[in-house]
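*Asks:* Kindly return the folded structure for what I paste below:
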Amino acid sequence: MQLPPDLTRAGVVARERAHVWPPYTSSERHERVDPLVVVGAQGPWLFDADGRRLYDANASWWTCTLGHGHRRLRAALARQSEALMHVAAGGITHAPVALLAEELAAIAPGDLARVHFSDDGSTAVEVAVKAAFQYWQQNGRPRRTRFVALSGAYHGDTLGAASLAALTEFHRVFSPILFDVIRPPALGEAGGWERVFEAAIALLRARPDEIAGVIVEPLIQGAAGMQMYAPELLRALADATRELDTFLIADEVFTGYGRTGAMWACERAGVVPDLLCTAKGFTAGVLPMAATIATPRVYDGFRGGSERALMHGHTFCGNPLGAAVAREVLAIYRDEGVLANVAARAPQLAAAFERLSAIPGVRRVRAMGLVGAAEVGGGGYGGDVGWRVFEAALARGVFLRPLGDVVYVTPALNATDEELAFLLDALEESVRSVMR
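*Replies:* Model (predicted):
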């Protein structure tokens, strides 16, 4: 795989620096640090313009759950492109989106059965928050205008999703224009996850008439550094929302689609939320598409005149190409035993991270499903030790983008024993080389 003959690597970088505004990157860094120039990808591998093959250790920001270029997804995209590529969702439907909604309802926890399609994780969360808020406004409890969210949460970068999030590195500058959220103390301040959830439940019980909903990342807070908590804590929080009759919103954008070992992380806790958000693995990284799945109760709260409709829609809601690919993703999960592969590979990953815990300076090693994380320094998101591990891993053929001083892996869920062994061996060697 190589660049077109009329382009060099330097030519791509020069054009990118002249015209692209990349995410999460200062203008100065953009102009100073060379990006990886990718020319192709297949399975778990990225191929760059320098001729290197690199293992994609975070599945391209947690999305490529089936690796890159899966032949069935390519074929599904090609087939659908011959029939219908796009049509507006207003007053129009089509088979791919109707069938996809039916299939999602069949695999969603409990009675979740109504699907609102959107573009990405942030918008899936926006839909859930708007639906929860509007439900109470037009169903007899207009004082319910507040949301409870955990410290350390990340729910996206649009203003509503950013309001719910609590990572100052991402959203501090926007604080004057974000809405206020009720939060329990942060993990470190509270003294453990049990205290965090006890405080969240206490806040909920103290102000039940104000709370429109509680939003959580089930079992793993991803962007906060792969912080993991026990299923019984989520179950206790869900029980409290049922007791007080408010909505539980599960942000499964990262944790859904088998990442934790179950199709939905909520299932590991025996929890059925009122609204569930899914995105990243939804089309396995092929196209931007997301969904918010609601219970019949939530959906029925919007019956009546046009003034009671959920006033949220995007140009590409329910795009036929995305819907066809998302259906094929579900078919691949069934046909190729993706969840069974996660169960088979999870002990291999957990054992490798346990070995990391013996390296001096490595702290708080944790693993769940095909997620593993370890802290290699004390600098948090702004630390540089993780980036030294990144450089060491790059030299060993692995693209390992850290969360500051948290080094983690979220490989494709269909990784083979051999592929995963390559990644984990390179990770261990890289950590040892930096921490010696």
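*Asks:* Tell me where the stretch 1-150 of the chain has helices.
*Replies:* Assigned by DSSP state H, counting those that start in this stretch, the stretch 1-150 of the chain shows helices spanning 9-19, 27-32, 59-62, 71-83, 95-107, 121-137.
*Asks:* Quick one: mean pLDDT over the shortest one.
*Replies:* If I follow you right, that is helix 59-62. Mean per-residue pLDDT for helix 59-62: 97.
*Asks:* By mean pLDDT, flag the weakest helix or strand of the chain.
*Replies:* Lowest on mean pLDDT, DSSP states H and E among the helices and strands of the chain sits helix 168-171, with a mean of 81.
*Asks:* Figure out how far the helix or strand just after that helix is from the centre of its chain.
*Replies:* Under the assignment DSSP states H and E, the closest C-terminal helix or strand after helix 168-171 is helix 187-190. Computed by C-alpha atoms, centre = their mean, to the nearest Å, the chain-centroid distance of helix 187-190 equals 23 Å.
*Asks:* who does helix 187-190 touch, helix- and strand-wise?
*Replies:* When contacts are defined as 3 or more C-beta pairs under 8 Å, 6 or more residues apart in numbering; DSSP states H and E, helix 187-190 packs onto helix 193-206. Any C-beta I mention is one placed from the backbone N, CA and C, and that applies to glycine too.
*Asks:* if we can go back for a sec, would you list the helices of the stretch 1-150 of the chain in JSON lines and tack on distance to residue 425 and mean neighbour count?
*Replies:* Listed next are the helices of the stretch 1-150 of the chain as JSON lines, based on distance: least, C-beta to C-beta, whole Å; neighbours: other C-beta atoms under 10 Å:
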{"stretch": "helix 9-19", "distance to residue 425": "29", "mean neighbour count": "12"}
{"stretch": "helix 27-32", "distance to residue 425": "31", "mean neighbour count": "10"}
{"stretch": "helix 59-62", "distance to residue 425": "18", "mean neighbour count": "20"}
{"stretch": "helix 71-83", "distance to residue 425": "28", "mean neighbour count": "14"}
{"stretch": "helix 95-107", "distance to residue 425": "35", "mean neighbour count": "17"}
{"stretch": "helix 121-137", "distance to residue 425": "32", "mean neighbour count": "24"}
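*Asks:* Which one, of those helices, ends up nearest to residue 346?
*Replies:* Residue 346 lies closest to helix 59-62 among those, at 15.2 Å (C-beta to C-beta).
*Asks:* could I have that closest one exported to PDB, CA atoms only?
*Replies:* Extracted C-alpha coordinates of helix 59-62, given in PDB (Å, rounded to 0.1, in the frame of the first residue of the first chain):
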ATOM      1  CA  ALA A  59      -9.100   0.200  17.200                       C
ATOM      2  CA  SER A  60      -9.000   3.800  15.900                       C
ATOM      3  CA  TRP A  61     -10.500   5.500  18.900                       C
ATOM      4  CA  TRP A  62     -12.400   2.300  20.000                       C
END
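*Asks:* Pull the distance from it to the chain's centre.
*Replies:* Centre to centre, stretch against its chain (C-alpha atoms, centre = their mean), the figure for helix 59-62 is 9 Å.
*Asks:* for stretch 403-415, same thing?
*Replies:* Distance, centroid of stretch 403-415 to centroid of chain: 12 Å (C-alpha atoms, centre = their mean).
*Asks:* Ends of that stretch, what's the gap?
*Replies:* The straight-line separation of the ends of stretch 403-415 (C-alpha to C-alpha, to the nearest Å) is 22 Å.
*Asks:* do stretch 140-148 as well
*Replies:* Calculated as C-alpha to C-alpha, the first-to-last residue distance of stretch 140-148 is 20 Å.
*Asks:* Contacts for it next, please.
*Replies:* Outside stretch 140-148, the residues that touch it by C-beta atoms under 8 Å, 6 or more residues apart in numbering are 129, 132-133, 136-137, 164, 180-184, 200, 203-204, 207, 209-215, 246.
*Asks:* Can you select the buried ones among these for me in PyMOL?
*Replies:* Those of those that count as buried under 16 or more other C-beta atoms under 10 Å are selected in PyMOL with:
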select buried, resi 129+132+133+136+137+164+181+182+183+184+200+203+204+210+211+212+213+214+215+246
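*Asks:* Quick check, central residue of the chain?
*Replies:* residue 254 (2.4 Å; C-alpha atoms, centre = their mean).
*Asks:* Identify the residues contacting residue 97.
*Replies:* For residue 97, the contact set (C-beta under 8 Å, 6+ apart) comprises 89, 117, 318, 320, 323.
*Asks:* Mind doing that once more with 7 Å?
*Replies:* 117, 318, 320, 323 (C-beta atoms under 7 Å, 6 or more residues apart in numbering).
*Asks:* and if you look at residue 292?
*Replies:* By C-beta under 7 Å, 6+ apart, residue 292 lies in contact with 116, 118, 124, 127-128, 275, 277.
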